[in-house]
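Enquirer: sequence plus predicted model, see below.
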Amino acid sequence: MTQEQKKTERKGVVAPVAEAIGLAGHVNYGDDAVVSRTLIDKNAGTLTLFAFDAGQGLSEHTAPFDATVQVLEGTGEFIIGGQSVSAKPGELVIMPAGIPHSVRAPQRFKMLLIMIRS
């Protein structure tokens, strides 16, 4: 199977399939920006990589489903229902459905957002 076939054969899968990929290396930082890259986008859920430049973030919002974040690089700060959570590489943060949350990057950091819609 060629690389192109791996990328196009599976609907809703944007990343290469049937191979190991380095998640942190799959999204690049942008100056004064939050950069996202969707790896999987299906009715059942999404996997999206984010790279936050220092000082950047996502404003407070809610989601209709639980959101799970795996920090890949740097340290991220999350406010979940008014509670501050700091997470570093290898740590997982769960943001419950319907609870306001925000994300802030005191330094550059990368994360994988896992949304399961059920």
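Expert: Great, that's in hand. Residues are numbered from 1 along each chain as shown.

Enquirer: isn't Gly12 up against Ala44?
Expert: No - the pair Gly12 / Ala44 is not scored as a contact, 9.2 Å apart, by CB atoms under 8 Å. C-beta: built from backbone N, CA, C; applies to glycine.

Enquirer: these two - which one has more neighbours?
Expert: Gly12 (13 against 10; other CB atoms under 10 Å).

Enquirer: now do the contacts for the more buried one.
Expert: Listed by CB atoms under 8 Å, 6 or more residues apart in numbering, the contact set of Gly12 reads Ile40, Asp41, Lys42.

Enquirer: again with Pro100
Expert: With contact set as CB under 8 Å, 6+ apart, Pro100 has these partners: Glu60, His61, Thr62, Ile80, Gly81, Gly82.

Enquirer: again, but for Lys110
Expert: Neighbour list for Lys110: Leu23, Ala24, Val27, Tyr29, Leu49, Phe50, Ala51, Phe52, Val71, Leu72, Glu73, Gly74 [criterion: CB under 8 Å, 6+ apart].

Enquirer: could I get these as CSV with distance to Met111, secondary structure and pLDDT?
Expert: Output for the contacts of Lys110, formatted as CSV (distance: CB to CB, whole Å; DSSP: H, G, I helix; E, B strand; the rest coil; pLDDT from 0 to 100):
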residue, distance to Met111, secondary structure, pLDDT
Leu23, 9, coil, 93
Ala24, 10, helix, 95
Val27, 9, coil, 95
Tyr29, 12, coil, 98
Leu49, 8, strand, 97
Phe50, 5, strand, 98
Ala51, 8, strand, 98
Phe52, 8, strand, 98
Val71, 5, strand, 98
Leu72, 6, strand, 98
Glu73, 8, strand, 98
Gly74, 9, coil, 98
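
Enquirer: ok, and the most crowded of the residues you listed?
Expert: Counting neighbours by other CB under 10 Å, Phe52 leads the contacts of Lys110 with 26 neighbours.
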